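Colleague: Quick one, what's the 3D model for this:
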Amino acid sequence: MTQTALKTDCAFLENELLDVVRLFESRPLCVTHSFRYAEGIFYNDFDVDGEKRRFSEAAQPKDEVEYKRFERRFAKLGLYEILSEKYARKMPWGALTGIRPTKLAYTEKEAGRDFVSLFRKMGVAEENIALVSEVLKTQEEIYEKRDGNSDLFVSLPFCPTKCSYCSFITAPIDKTRAFLPDYLDCLERELAACGELIGNLRSVYIGGGTPFVLDPPDLERVLKGVAAVRTNGCEYTVEAGRPDVFTEEKLRLLKEYGVTRICVNPQSFSDATLARIGRKHTAADLYRAFEMSAKYGFDVNADLIAGLTGESLEEFVFSVKEAVKTGAENITVHCLCLKSGAKLKEECAYLENPLVSSMVSASREILRDAGYLPYYMYRQKYQVGNNENVGWTRPGKACVYNVDIMEEVADNPAAGANAVSKKVTNGRNRIERFASPKDLKTYIGKIDEIIAKKKSFFGRI
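Modeller: All right, here's what the predicted structure looks like:
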């Protein structure tokens, strides 16, 4: 893979422009860039392997934030147009990198502009522009951009085994179990302190890891901690996860403590694929988990991944159809994303999978035909095929937590190791983050400091 040497006179644009370069499998040897703004015109000059091009765009930013936004946007668009022509490739999302498409669409609408025109200018495919429009339409019933709203996240970073594509800070429970008693002590204290950080609570989400890897008494400790701060009957989700840790006792506990939604995460219904990614269960175990969950009346979220190692289009299509058959209220189709820490990325410096776009296209058709609507979406770096992750919902069953988190419109107090709290000030379009330590031992050792800093972060001191 060619390593591109990139130089720009705007240091903050270096990574932004490299993100555009990374969209393409073929890459230039050298890119130089310079920028200036004069009399309402943004000028971007490029030299790409000796080819010189100038791009100029007229715009009148209302403030410094919008000025920087335009500076990034026009620079990336110019480089994308050069590389798209040079390599005769168009990407499904054009020059859009580093931003969630729906957030950009909302920003344009709030400014009184037509996001469709902008997306076309940025080279976004028409079918993806239509997808964004559909998502915004589905979100109408639950999207709420108002200061004072909150969504609580609880982190349980423990798993039965580590999947090959996973980059989360987790380890097999047999290697971390010794930390669990102290971890739960600290988590209980942090949850108790979260009470004063929560405004209008819209949802609670216990995630991981795989929360169901905990034994029932330990799981109940977490549920009791949440019960003390969830007082308004809002949506309550537990990422139960993999079927090899499902039991009737754990599901009964969730029902007893008011959980309304659970996540069952197949990733694939192919036994061969499950074995390749390091899962220690079969598709038959998945069916049993869905059947078991149905007895308790939970809404169910299910996740699938397009682009898993060795999986064919036919196998992926089978998985999407099987997920529909389970009756899951939400089905999210992720595209494989290789990050540092994932075993697959360590094995593959670059992954090009020409099937992924076909998988994404097939999933859209199957889910629409089955009556599902797209209700949230996001994109990531190093995402196979330059595609996107989309959550699909049955009408009226959208997950509030997913919408709020993806659109970043509510505070997100987060408890536990590797939990990232967010403070959102919608009036100023400001988002601040506070990250707790990733390492279990460090988290436990610094719990008093974490609680104090988080109170200060949310302005409660």
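Colleague: and residue 34, what does it touch?
Modeller: 8-9, 44-45 (C-beta atoms under 8 Å, 6 or more residues apart in numbering). C-beta coordinates here come from the backbone N, C-alpha and C atoms, glycine included.
Colleague: quick check: longest helix of this structure.
Modeller: In terms of residue count, the longest helix belonging to the chain (DSSP state H) is helix 64-87.
Colleague: Which one (most neighbours) among the contacts of residue 34?
Modeller: Using other C-beta atoms under 10 Å as the neighbour test, those are led by residue 44, with 24 neighbours.
Colleague: what sits against that residue?
Modeller: Residue 44 makes contact with 33-35, 54-56, 74-75, 78, according to C-beta under 8 Å, 6+ apart.
Colleague: Tell me the buried residues within these.
Modeller: Among the contacts of residue 44, those classed as buried by 16 or more other C-beta atoms under 10 Å are 33, 35, 55, 74-75, 78.
Colleague: so where does the residue lying closest to residue 143 once chain neighbours are set aside fall, helix or strand?
Modeller: When the adjacent residues along the chain are set aside, residue 143 lies closest to residue 403, with 6.2 Å between them (C-beta to C-beta, 6 or more residues apart in numbering). Assessed by DSSP states H and E, residue 403 sits inside helix 400-407.
Colleague: now what about that helix, what contacts it?
Modeller: 100, 102-103, 106, 139, 142-143, 145, 149, 151, 202-205, 234-235, 237, 330, 375-378, 391, 410, 412.
Colleague: Buried among the residues you listed? Need that as a selection in PyMOL.
Modeller: The PyMOL selection below is limited to those of those classed as buried (16+ other C-beta under 10 Å):
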select buried, resi 100+102+106+139+142+143+149+151+202+203+204+205+234+235+237+330+375+376+377+378+391+410+412
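Colleague: Next, please give the residue ranges for the strands of the stretch 351-461 of the chain.
Modeller: Along the stretch 351-461 of the chain, counting by DSSP state E, counting those that start in this stretch, strands occupy 373-378, 389-393, 414-415, 420-425, 430-435.
Colleague: again, but for the stretch 201-350 of the chain
Modeller: Secondary structure of the stretch 201-350 of the chain by DSSP E, counting those that start in this stretch: the strands cover 235-241, 261-267, 299-306, 330-335.
Colleague: Which elements pack onto the last one?
Modeller: Looking back up the chat, that one is strand 330-335. Secondary-structure packing of strand 330-335 (3 or more C-beta pairs under 8 Å, 6 or more residues apart in numbering; DSSP states H and E): strand 299-306, helix 313-325, helix 356-369, strand 389-393.
Colleague: I'd say residue 310 and residue 276 touch.
Modeller: Yes - using C-beta atoms under 8 Å, residue 310 is in contact with residue 276, at 5.6 Å.
Colleague: mind checking which of the strands of the stretch 351-461 of the chain is nearest residue 289?
Modeller: strand 389-393 (19.8 Å; C-beta to C-beta).
Colleague: contacting residues around the closest one?
Modeller: 131, 135, 138, 329-335, 363-364, 367, 372-380, 383, 398-399, 402.
Colleague: from these, which would you call buried?
Modeller: If we count by 16+ other C-beta under 10 Å, these have these buried: 131, 135, 138, 329-335, 363-364, 367, 372-379, 383, 398-399, 402.
Colleague: who has more neighbours, residue 310 and residue 276?
Modeller: Remark: of residue 310 and residue 276, residue 276 carries more neighbours, 17 against 11, as counted by other C-beta under 10 Å.
Colleague: now that one: how far from residue 247?
Modeller: Going from residue 276 to residue 247 by C-beta to C-beta, to the nearest Å gives 26 Å.
Colleague: got a list of what the residue sitting nearest the centre point of the chain touches?
Modeller: Closest to where the C-alpha atoms of the chain average out (C-alpha atoms, centre = their mean) is residue 378, at 6.0 Å. By C-beta under 8 Å, 6+ apart, the residues touching residue 378 are 100, 102, 388-389, 406.
Colleague: of those, closest to residue 197?
Modeller: Among the contacts of residue 378, residue 406 lies closest to residue 197 (C-beta to C-beta), at 21.2 Å.
Colleague: one step back: how far does the longest helix of the chain sit from the chain's center?
Modeller: Relative to the centre of its chain, helix 64-87 is centred 24 Å away, using C-alpha atoms, centre = their mean, to the nearest Å.
Colleague: For the following helix or strand past it, which outside residues touch it?
Modeller: Where DSSP H and E defines the elements, the next helix or strand beyond helix 64-87 is helix 101-110. With C-beta under 8 Å, 6+ apart as the test, helix 101-110 has contacts from 93, 96, 114-115, 118-119, 124, 128, 132-133, 135-136, 139, 145, 376-379, 388, 406-408, 429.
Colleague: next structured bit after helix 101-110?
Modeller: Next helix or strand after helix 101-110 toward the C-terminus (DSSP H and E): helix 115-121.
Colleague: tell me the mean pLDDT for that following helix?
Modeller: The predicted model assigns helix 115-121 a mean pLDDT of 97.
Colleague: helices and strands around whichever helix or strand comes after it, which ones?
Modeller: As assigned by DSSP H and E, the chain's next helix or strand after helix 115-121 is helix 126-139. Here helix 126-139 touches helix 101-110, helix 115-121, strand 373-378, strand 389-393, going by 3+ C-beta pairs under 8 Å, 6+ apart.
Colleague: Repeat the analysis, applying 10 Å as the threshold.
Modeller: With contacts defined as 3 or more C-beta pairs under 10 Å, 6 or more residues apart in numbering; DSSP states H and E, helix 126-139 has these neighbours: helix 101-110, helix 115-121, helix 356-369, strand 373-378, strand 389-393, helix 400-407.
Colleague: Doesn't residue 36 belong to a strand?
Modeller: Yes - applying DSSP: H, G, I helix; E, B strand; the rest coil, one finds residue 36 inside a strand.
Colleague: Quick check: beta-bridge partners of it?
Modeller: Here residue 36 shows beta-bridge partners residue 43, assigned using DSSP bridges.
Colleague: What ranges in the stretch 1-150 of the chain fall below the confidence cut-off?
Modeller: Residue ranges of the stretch 1-150 of the chain with pLDDT under 70: 1.
Colleague: sorry, back to before: what angle do the helix holding residue 403 and strand 389-393 make?
Modeller: 150 degrees (axes from the mean of the first three to the mean of the last three C-alpha atoms, to 10 degrees).
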